[in-house]
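Trainee: pasted the sequence and its predicted model underneath.
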Amino acid sequence: MRKLLTYGLGLVFGAVLAAQTVSADYPTRPITFMTMTQPGAQIDRLTRGLAQRFSAILGQPINVKNVTGSHGTTMAANLVRAKPDGYTVGVTSLTAYTYAPHHAKLTYKPDDFDYLSLVALNSSGFISRPDKPWNTLKEAFAWAKEKNNGTMIAMFHGADDRDAILRMAKKEGVKLSLIPSKGGPSVIKAVTGGHADVGYVGAILYKFVEAGQIKLIGAALGDRLPPIPDVPTLREQGYDEQVEMIVAMIVPKGIPADARAKLLAAADKLAGAGDTKEFIENNLLMRPVKWGEDHAKMTVEKLYKTFGDQAKMK
């Protein structure tokens, strides 16, 4: 009887201990924010700024891990393998989850993740060296056709901007040699070094334009970039194209409810903070977006369908 009682108490104690472990007050240890670009790129800077702000709210250090390659698909492949415990969070462009699945064989599906919130829209455009004999992307294609045997070298971020410039070049009768990048700094380096005639880059472009090291030759969003209002959009140049880098916070599907609630509450708090707005819009020169899990999920579903429909039309 005594042995039975001891065994029973052991089971009860073990169950209580297990319950305490499961319901531990998240977070109890450091968190990792994984991002898709190399250090110094605009999305990397955004990730580090968000890490500092989330850390202050959650009370734990947040480390940033840069996982570059294929405009976020390499990072997504790593994120999907992470333990779904709330201690690994991705801060990345949605392209790898909405566009790439329609054009490449991947080790993950969009449904393998939960999309906590959109956080910013990265201003972006096509750039070249300031000494090039053109001021728009359309003029660059015309130069290539007339002066360079119909060829041009372009550096791209991901499948979406790569495919967009390929379509535009095809329309103009220009053959492109393409170079993949690891983020904005690598594009800037290639363009300023003369290794690429044009390149696609995010909001990091502003400081290099201001310094006179590059020039913007095409705004990639639906409207012109306010700091450089004289440069026309791709549509204004005659192309039915628009490339957007929408940045979101993403986790492996199925993180614990308490971790999810804490992360969402922290995101809600930051979404309404003036400091967050100042950091994203005035410091990074990124565009504001609507935060929140419902809007993030709706955006992913809408973009995935849109890009899927486009892929079927090829």
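Mentor: Structure received. Numbers count the residues shown, from 1 in each chain.
Trainee: from here on, contacts and neighbour counts on C-alpha atoms
Mentor: Will do.
Trainee: just say helix, strand or coil for Tyr200.
Mentor: strand (DSSP: H, G, I helix; E, B strand; the rest coil).
Trainee: residue numbering should commence at 246 henceforth.
Mentor: With 246 as the first residue, the last one maps to Tyr445.
Trainee: nearest residue to it other than its sequence neighbours?
Mentor: Phe371 (4.5 Å; CA to CA, 6 or more residues apart in numbering).
Trainee: tell me where the model's unsure across the protein.
Mentor: 246-269, 559 (pLDDT under 70).
Trainee: most centrally placed residue in it?
Mentor: Ser338 (1.9 Å; CA atoms, centre = their mean).
Trainee: now do the contacts for it.
Mentor: Met281, His316, Gly317, Met490, Ile491, Val492, Ala493 (CA atoms under 8 Å, 6 or more residues apart in numbering).
Trainee: please narrow the residues you listed to those residing in strands.
Mentor: Using DSSP state E, the subset of the contacts of Ser338 located in strands is Met490, Ile491, Val492, Ala493.
Trainee: and those, which is closest to Asn323?
Mentor: Nearest to Asn323 among these is Ala493, at 16.2 Å by CA to CA.
Trainee: hang on, the closest one packs against Asn367?
Mentor: No: with contacts counted by CA atoms under 8 Å, Ala493 stays clear of Asn367, the gap being 10.8 Å.
Trainee: which one's more surrounded, those two?
Mentor: Legend: neighbour count by other CA atoms under 10 Å for Ala493 and Asn367, higher for Asn367 (26 against 22).
Trainee: rewinding a little: got the contacts of Ser338 as a markdown table, with distance to Phe299 columns?
Mentor: Shown next, in a markdown table, are the contacts of Ser338 (distance: CA to CA, whole Å):
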| residue | distance to Phe299 |
| --- | --- |
| Met281 | 19 |
| His316 | 25 |
| Gly317 | 22 |
| Met490 | 22 |
| Ile491 | 20 |
| Val492 | 16 |
| Ala493 | 14 |
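Trainee: farthest-apart pair in those residues, please.
Mentor: Greatest spatial distance in these: His316 and Ala493, 13.9 Å, computed using CA to CA.
Trainee: still on that earlier bit, with the ones in strands among the contacts of Ser338 in mind, which one is nearest to Ser362?
Mentor: Ala493 (5.6 Å).
Trainee: so who does the closest one touch?
Mentor: Taking CA under 8 Å, 6+ apart as the test, what Ala493 contacts is Gly335, Val336, Thr337, Ser338, Leu339, Tyr360, Leu361, Ser362, Leu363, Val364, Ala365, Ala541.
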